[in-house]
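Enquirer: my questions are about this predicted structure, shown below with the sequence.
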Amino acid sequence: MTVSLAASPAASELLPLAVACPLTGAALLAVLGRRLPRSGTDALATAWAAGQLALVWWLAAATGGAGRTVTWVGGWTPVEGRSVGIVLVADGLGLGLAVLVALLVLAALGYAWRYFEEPERARGHGGGFPALLLLFEAGTTGFALTGDLFNAFVFFELMGVAGYALTGYRVEEPRPLQGALAFAVTGSLAGYLALVGVGLLYARTGELSFAGIARELAGQPADALVTTAAALLCCAMLVKAAAVPFHFWLPDAHAEAPTPVCLLLSGVMVELGLYGLLRVYLTVFSGTGGVPHEVMRGTLIAVGTVTALTGALLCWQQRHLKRLLAFSTVGHMGLFLCGAGLLDAEATAGTALYVAGHAGVKGPLFCLAGVLLDRHASVDEHGLWGRARDMPLVGVLFAVGGCALAGLPPFGTGLGKSLVEHAAHEDPWLVALFVLVPAVTAGAVLRAAARVFAGAGTKPRERHSGAETTGAGEEPEVSGPRREVPRPMLVVPAVLLAGALAVGLVPALWRYVAAGSVLFHDPAGYGAAVTGVPGGGGTGTAPPPEVAWSLPGILFGLLSTALAAGCAAGALWGPALHGRLARTARAGADAVDRTVVLAVRRQHSGHVGDYVAWLLAGLAALTAVFALWG
């Protein structure tokens, strides 16, 4: 057992509990859930999740943003740099992600206290739902903390299986089952690709730890085997990150998953795919025997740009509120990929804060969409026109969430966006992308808020549209629509929005993330801490980037918010305007809708075979890029 960089010895001893605690809780709930009343099951699950949050919070504080804790489970430490044991590595960003997971799982459990249609005991499921949430938490936490490639695959599959089960939790209904099936097939295929990549690297190096593989590859030129392994692993992570063209599972899963599950899918699961991609690349493939920085940088920015634009375009076209929010997640994941693709500490710090702020905003928006489904048994923006005027608090929270999604200062989304824009100042088109995409996605949210909660604009005309873009025919997830909205369903989104605001206002959090981003970009120090063999390069002592609000960042955030409001106003009142300019604008929008938008929407067919074909096409393209330019 090894502890590095002045981390607390107690943190090293307790680190495995971060994975074991939710696993134990899931097993306990599965056993006791049938014997406890619904309130007892919920209380036990919530208390257990709160304990997990306290544990990972303490570990993050004890390790510190600039610290690194390494634990070889069972004491199987490396001998002369070679290892056979299981290693957990906790640093600033990994533990920060574990804290975010714990916060969102606790929020999902709190939101679900009175959400489902019947007590689980009456349905014969016992504590199944909270047990699956804790199982998901174990997988995601393990994935964030593992330093072993095979165990990364194990945790990758664990969070995937729990996610499939949670998505199709209402298994008695056909549409959730279909959404879970598409999610499961694409996710499982991604897992198989990752396993093949792990096998290729183990055959070449005889190592499974990130640091051990990097040590064996160092100094050797990249060959076809290493390039193929890198492409397989990157493809698997991009599927989890819902990057285009691997994103098709996400809108189907979000549309059909129970609302508390959407908090986790959009708030942390897709972000874990990006985290895994960066972690594997920086610790394994960033050396001379891997993929050159300029190739990875170009790949991530290109994929991120296409993902951001596709997500924004399809988000704007949706009237199904949960699909609208899902495509918004796709658009923001594109921005996260672009930020991560800059491959420097400042951009990584900005992306990390952007991810945290986004989780604190997107979770509440899904929660509030769930309130509409609870109250009106619908999530159709057109069908709900003016029907929620009697819920002003929900409307205000929804509008605030839309503004925060645009990057309105001082929310954390605005701070993270500002830092990435500053890091990308040499590429003005990339800065423009970070202004435009949040404006379009937030504009769609504000448009929906104005229509649903205020009856703004003219009543939308019904026209033929694909079933995947409407909210018609939704099955309510609760009994007795139009009941009084349970208090937890309003408290949870309000608290999460306050958390998103705190991300942009707490300097101590900024310093933690800045220090963690420097450590994240220190593969030599990572390898030395894990293997115990000093290596060349940095040791994580580079000065952290400056994290603070800047005037250009504030102005760009305000510009995105103003553009979002303008987009919403144009959609609401533009069709009623007369004149040559208005007619020309409508004609141009209709032409784009009939050509570009229709062509993109047709690819979202709902057929698993089509999604698999796109996944394999993306893998082929990624392999070709790495092989030709690597």
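Expert: Looks like it arrived, so ask away.

Enquirer: show me what contacts L277?
Expert: Contact criterion C-beta atoms under 8 Å, 6 or more residues apart in numbering gives C234, M237, L238, A241, A340 as the residues in contact with L277. (Each C-beta comes from the backbone N, C-alpha and C, glycine too.)

Enquirer: so P552 versus T351, what's the distance?
Expert: Distance, P552 to T351, by C-beta to C-beta, to the nearest Å: 18 Å.

Enquirer: among those two, which residue is more densely surrounded?
Expert: T351 (30 against 13; other C-beta atoms under 10 Å).

Enquirer: any idea which element the more buried one lies in?
Expert: helix 345-376 (DSSP states H and E).

Enquirer: quick one: mean pLDDT over the very next helix or strand once past that helix.
Expert: As assigned by DSSP H and E, the chain's next helix or strand after helix 345-376 is helix 392-405. Averaging pLDDT along helix 392-405 yields 95.

Enquirer: how about stretch 131-149?
Expert: Looking at stretch 131-149 alone, the average pLDDT works out to 93.

Enquirer: and that stretch, C-alpha only, in CSV?
Expert: The C-alpha coordinates for stretch 131-149 follow below in CSV (Å, rounded to 0.1, in the frame of the first residue of the first chain):
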residue,chain,number,x,y,z
ALA,A,131,-30.3,-0.5,-5.0
LEU,A,132,-29.7,0.0,-8.7
LEU,A,133,-28.9,3.7,-8.0
LEU,A,134,-26.3,2.6,-5.5
LEU,A,135,-24.9,0.0,-7.9
PHE,A,136,-24.6,2.7,-10.5
GLU,A,137,-22.8,4.9,-8.0
ALA,A,138,-20.3,2.1,-7.2
GLY,A,139,-19.5,1.6,-10.9
THR,A,140,-19.1,5.3,-11.6
THR,A,141,-17.0,5.9,-8.5
GLY,A,142,-14.8,3.0,-9.3
PHE,A,143,-14.3,4.2,-12.8
ALA,A,144,-13.3,7.6,-11.6
LEU,A,145,-10.7,6.2,-9.1
THR,A,146,-9.3,3.1,-10.8
GLY,A,147,-5.7,3.1,-12.0
ASP,A,148,-6.0,-0.3,-13.8
LEU,A,149,-7.2,-0.6,-17.4
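
Enquirer: how far out from the middle of the chain is that stretch?
Expert: When C-alpha coordinates are averaged (C-alpha atoms, centre = their mean, to the nearest Å), stretch 131-149 and its chain have centres 14 Å apart.

Enquirer: try stretch 569-576
Expert: With C-alpha atoms, centre = their mean as the basis, the mean position of stretch 569-576 lies at 32 Å from the chain mean.

Enquirer: which of the helices or strands spans P130?
Expert: Here P130 is covered by helix 128-145, with elements defined by DSSP H and E.

Enquirer: remind me what that helix packs against, helices and strands.
Expert: For helix 128-145, the helices and strands in contact under the criterion 3 or more C-beta pairs under 8 Å, 6 or more residues apart in numbering; DSSP states H and E are helix 17-32, helix 38-63, strand 86-90, helix 92-111, helix 149-167, helix 259-264, helix 270-280.

Enquirer: what's the shortest one in contact with?
Expert: Yep, that's strand 86-90 we're talking about. The contact list for strand 86-90 (C-beta under 8 Å, 6+ apart) reads 7, 11, 15-16, 18-19, 59, 63, 68-74, 76, 145-148, 151, 209-210, 526, 529-530.

Enquirer: 7 Å instead, please
Expert: Contacts with strand 86-90, where a contact means C-beta atoms under 7 Å, 6 or more residues apart in numbering, come from 15-16, 59, 63, 68-73, 145-148, 151, 209, 530.

Enquirer: out of the residues you listed, which end up buried?
Expert: Buried positions within the contacts of strand 86-90, assessed by neighbour count (16 or more other C-beta atoms under 10 Å), are 15-16, 59, 63, 68-72, 145-148, 151, 209, 530.

Enquirer: what's the closest of the residues you listed to G566?
Expert: In terms of C-beta to C-beta, no member of these lies closer to G566 than L145, at 43.6 Å.

Enquirer: that closest one contacts A18, correct?
Expert: Yes. If you go by C-beta atoms under 7 Å, L145 and A18 touch, sitting 6.3 Å apart.

Enquirer: need the residues touching each of the two.
Expert: Taking C-beta under 7 Å, 6+ apart as the contact criterion, the residues that touch both L145 and A18 are A98.

Enquirer: burial measure for V303, as a count.
Expert: In terms of burial, V303 registers 26 neighbours under the definition other C-beta under 10 Å.

Enquirer: quick one: contacts of the helix or strand where it lies?
Expert: V303 is located in helix 293-317, with elements delineated by DSSP H and E. Outside of helix 293-317, the residues within contact range by C-beta under 7 Å, 6+ apart are 238, 243-244, 247, 281, 286, 324, 327-328, 330-331, 333-335, 337-338, 340-343, 433, 437, 440-441, 444, 469, 597, 600-601, 625-626, 629-630.
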